[in-house]
Structure formats: C-alpha cells, structure tokens
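>>> Sequence first, then the predicted structure:
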Amino acid sequence: MKNGGGRTSRIRRRKLFTSSESRGVNESYKPEFIELKKWLKDRKFEDTNLIPARFPGTGRGLMSKTSLRPLFSEAVESIFSYSALLWAWCTVNTRAVYMERAPRQCFSAEPDTCVLAPFLDLLNHSPDAQVKAAFNEETRCYEIRTAVSCGKHQEVLICYGPHDNHRLLLEYGFVSVRNPHACVYVSKDILVKYLPSTDKRMNQKISILEDHDFIENLTFGWDGPSWRLLTALKLLCLEAEELTCWKKVLIGEIISDTNEKASLDIAQKICHYFIKESKAVLQKVSHMKDEEVSLINQLTLVETLWTEELKILQASAETLTSLQTAFT
C-alpha cells in the first residue's frame with residue numbers, strides 16, 4: 001500500500017480537512033459571552049446545543065455542539081415580549097438596547113427598569129441562512145426552527161427573509177453586503193421631476209398609475225430598473241394620441257419604439273440623479289466620520305448602506321445603457 005494510506009484513508013483526511021476549514025473556534029470563555037450567558041441564566045434560559053465561536057469567512061457566530069435536524073428546535077418563553085423585540089430590532093444605535101420605562105415582560109426581569117441587553121451586538125447576520133425565527137402569537141413564545149440540517153460544529157445562522165437593506169437596517173440593525181434583495185426606491189416626486197412639465201395629461205396618467213397600484217415599489221436593482229418602474233415610465237411617456245392604449249402598457253405590450261426609448265432615457269436620468277446624490281452623501285458621511293468619532297459605528301452603517309445603493313445604481317446604469325443601444 002502507498003504512503004497515502006489507501007482510498008479510505010484519503011477520504012477520511014479530506015473530510016477532516018474540509019471540516020477544519022469551516023469549523024469555528026470556541027469563544028465562550030470571553031467576557032462578553034460570559035456576561036451574555038449570565039444574563040440569559042438570570043431569565044431562566046440555558047441552551048446546551050449552541051456555543052459562541054469565530055468562523056473563517058463569517059467571523060463571530062454560533063456553533064452547533066450537536067447535529068440539528070430541520071425541526072422545531074427551541075421556544076424561548078417569557079424572555080422576549082413581541083413589543084420589546086420589535087423595539088430592539090428598530091434600534092440601530094450600535095444595536096444596544098436602552099429602555100427608559102420598559103414594558104411588562106421586557107428585557108428586564110423587573111418592570112420600569114433601565115437595562116442594557118448584552119447580546120444584540122454579538123450576533124452574526126445573513127439575509128438567507130439556516131434558521132428561521134419568529135414570535136408565535138398563539139404560544140406566546142419566540143420560536144426558532146431549523147430550515148436545513150446542520151452538522152456538528154457547523155455555524156448556525158438566523159434567516160431574516162428576503163428583505164432589502166433598508167428593512168434590514170431599520171428592523172435588525174445591520175446591512176448585508178451584496179444583498180440580492182437590495183434595491184433603490186423611486187418616489188412619485190422623483191418620477192415626475194424628469195417628465196415634461198408641459199404634459200397636460202400628466203395628472204390623468206398619475207391617477208391611472210395610482211388606481212392600478214403602479215406608483216409604489218418602483219425600484220432599481222442589481223439587474224437594472226424593475227419591470228414596474230419601466231412600465232410606469234412607459235405609461236407616463238405616452239403621447240396624447242397613445243393614451244387610449246394605457247391598458248396595453250400595464251400588461252407589458254410595446255406601444256412604439258419612441259415610447260420605449262423615451263422611458264429608458266428618463267430611467268437613465270433618474271438613475272444618474274441617484275448616483276450623484278449617493279456620492280454626495282458618501283462624501284458627507286466620510287467627513288462626519290472624521291469629526292464625530294463617537295458616532296463611528298452608526299456612520300459606518302449609513303456608509304455601508306449608501307455604498308451598496310451606489311453599486312446597485314451603477315449596475316442599473318450599465319444595464320440601461322445596453323438597452324438604449326437598441327434604439328441608437
């Protein structure tokens with residue numbers, strides 16, 4: 001037999017190498033995690049299946065001590081109230097929760113007590129992951145369910161759902177880099193700003209969009225302007241003699257090359273307006289980070305959000321340029 005030890009030995013070594021690459025390093029001895037464990041124990045909660053660890057590629061997170069099956073795994077009862085949890089998620093001040101007059105069943109064991117929840121800034125985040133968590137109104141428990149199997153010593157990540165970065169920041173206090181669900185919203189005011197002010201039928205067109213729910217959720221994404229945004233622009237760009245075709249526009253029919261080109265041109269103008277605005281904000285945030293050192297964590301979050309939006313807009317601008325070449 002060769003020095004490699006045979007096929008079985010090679011498979012065993014390969015598995016060992018793979019597992020060691022993704023395995024986390026136990027950090028439960030660190031003061032912040034000791035404080036967290038004590039905080040949880042005071043509230044009658046202990047968990048022997050998960051321990052804090054640092055993972056290559058994702059950093060700090062939770063490591064499973066045993067294999068987890070995709071079943072209901074734990075219900076944390078009488079620790080989190082729904083209102084307190086919602087309030088916590090909406091707090092982005094370094095995700096530290098201060099409650100001046102905490103409601104009953106809040107983070108403190110005693111009502112009306114000002115406390116610091118020690119765990120919110122210790123969590124790893126991912127918009128798509130292995131664990132789903134939500135408050136169950138029927139059982140009055142905060143339930144955590146595994147969505148997929150998780151092997152021993154693997155990292156366990158919580159799933160936040162298909163949310164854009166604005167919602168992730170407002171509700172959970174973080175921004176996901178290269179989030180596939182991230183987008184930039186276009187308001188009605190911005191939509192109208194780049195349309196001809198001489199259009200006497202503009203109010204009628206806006207009313208049509210509002211009546212058919214086409215005035216909201218208009219976005220730029222990683223793959224370009226959304227279908228809803230382009231559809232709204234196509235209707236707004238209809239000539240007076242074409243307006244009778246507005247129903248065809250809403251179901252995706254092409255009215256004319258002129259209409260298609262006009263809508264793409266306006267989408268590009270709006271996109272460039274947002275790019276310019278994003279760069280200006282990022283420059284301002286950069287100056288603020290130098291001047292407001294105490295706000296560095298909050299400003300970094302804002303900077304990450306606007307940086308991601310700038311990347312989305314730049315990707316959309318490239319897509320629009322490609323679409324516009326068909327009409328040149």
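Okay, I see it. Numbering: from 1, shown residues only.
>>> Check which residues of stretch 281-300 are buried.
Counting neighbours by 16 or more other Cβ atoms under 10 Å, one finds that the buried residues in stretch 281-300 are 281, 285, 288, 289, 298, 299. All C-beta spots, glycine's among them, are computed from the backbone N, C-alpha and C.
>>> From what I see, residue 181 and residue 166 are in contact.
No. Under the contact definition of Cβ atoms under 8 Å, residue 181 does not touch residue 166, with a separation of 10.4 Å.
>>> ok, back up a step: in the buried residues of stretch 281-300, find the pair that's most separated.
Based on Cβ to Cβ, the longest span within the buried residues of stretch 281-300 runs between 281 and 298 and measures 14.2 Å.
>>> residues in contact with residue 235?
Counting by Cβ atoms under 8 Å, 6 or more residues apart in numbering, residue 235 touches 205, 208, 209, 214, 246, 249, 250.
>>> What helix or strand is the fifth one located in?
Translated: residue 246. Assigned by DSSP states H and E, residue 246 belongs to helix 246-250.
>>> Can I get that helix in PDB, CA atoms only?
Backbone C-alpha positions of helix 246-250 (Å, rounded to 0.1, in the frame of the first residue of the first chain) are rendered in PDB as follows:
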ATOM      1  CA  TRP A 246     -52.600  52.600 -21.400                       C
ATOM      2  CA  LYS A 247     -54.200  49.200 -20.500                       C
ATOM      3  CA  LYS A 248     -51.900  47.500 -23.000                       C
ATOM      4  CA  VAL A 249     -48.900  49.200 -21.400                       C
ATOM      5  CA  LEU A 250     -49.800  47.900 -17.900                       C
END
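>>> can you list contacts of it?
Looking at helix 246-250 with Cβ under 8 Å, 6+ apart, the contacting residues turn out to be 205, 208, 212, 214, 231, 234, 235, 238, 255.
>>> how about 6 Å then?
Contacting residues not belonging to helix 246-250 are listed as 208, 212, 234, 235 [Cβ atoms under 6 Å, 6 or more residues apart in numbering].
>>> Now flag whichever of those is closest to residue 36.
Of all the contacts of helix 246-250, residue 36 sits closest to residue 212, with 50.3 Å by Cβ to Cβ.
>>> Who's the closest spatial neighbour of the closest one, skipping the chain neighbours?
When the adjacent residues along the chain are set aside, residue 212 lies closest to residue 250, with 6.0 Å between them (Cβ to Cβ, 6 or more residues apart in numbering).
>>> Help me confirm that residue 33 comes into contact with residue 52.
Yes. Residue 33 is within contact range of residue 52, at 4.6 Å (criterion: Cβ atoms under 6 Å).
>>> the more surrounded of those two?
Looking at residue 33 and residue 52 with other Cβ atoms under 10 Å, you find the greater number of neighbours at residue 52, namely 24 against 19.
>>> Name the surrounding residues that touch stretch 310-324.
Residues contacting stretch 310-324 (Cβ under 6 Å, 6+ apart): 184, 220, 222, 224, 225, 264, 267, 268, 271, 274, 275, 278.
>>> Next, the buried residues of that stretch.
With burial defined by 16+ other Cβ under 10 Å, the residues of stretch 310-324 counted as buried are 310, 312, 313, 315, 316, 317, 319, 320, 323.
>>> so which strand or helix has the last one?
When you say that, I think you mean residue 323. Counting by DSSP H and E, the element that carries residue 323 is helix 296-324.
>>> avg pLDDT for that helix?
Model confidence over helix 296-324 averages 94 on the pLDDT scale.
>>> Any regions of the stretch 51-200 of the chain where pLDDT drops low?
Within the stretch 51-200 of the chain, the set of residues satisfying pLDDT under 70 comprises 57-58, 69-134, 142-145, 147.
>>> can you give me the strands in it?
Along the stretch 51-200 of the chain, the segments classed as strands by DSSP state E, counting those that start in this stretch run 59-64, 72-77, 131-136, 141-146, 155-156, 158-159, 184-185.
>>> Would you map out the domains in this structure?
Dividing the chain into domains by automatic domain parsing, as the record does, gives the ranges 22-172, 184-327.
>>> Count the neighbours of the closest residue to residue 185 other than its chain neighbours for me.
The spatial neighbour of residue 185 that comes closest, neighbours along the chain excluded (Cβ to Cβ, 6+ apart), is residue 219 at 5.5 Å. In terms of burial, residue 219 registers 18 neighbours under the definition other Cβ under 10 Å.
>>> now the longest helix along the chain: mean pLDDT?
Selection of the longest helix in the chain by residue count, based on DSSP state H, yields helix 257-291. The average of the pLDDT scores along helix 257-291 is 96.
>>> check contacts around the residue lying closest to residue 184 once chain neighbours are set aside.
What sits nearest to residue 184 in space, not counting adjacent residues and going by Cβ to Cβ, 6+ apart, is residue 220, at 4.5 Å. If a contact means Cβ under 6 Å, 6+ apart, then residue 220 has 184, 312, 313, 316 as its contacts.
>>> how close does the second one sit to residue 220?
Going back to what we said before, that points to residue 312. In this structure, residue 312 and residue 220 are 6 Å apart, going by Cβ to Cβ, to the nearest Å.
>>> ok, now residue 231?
According to Cβ to Cβ, residue 231 stands 14 Å off from residue 220.
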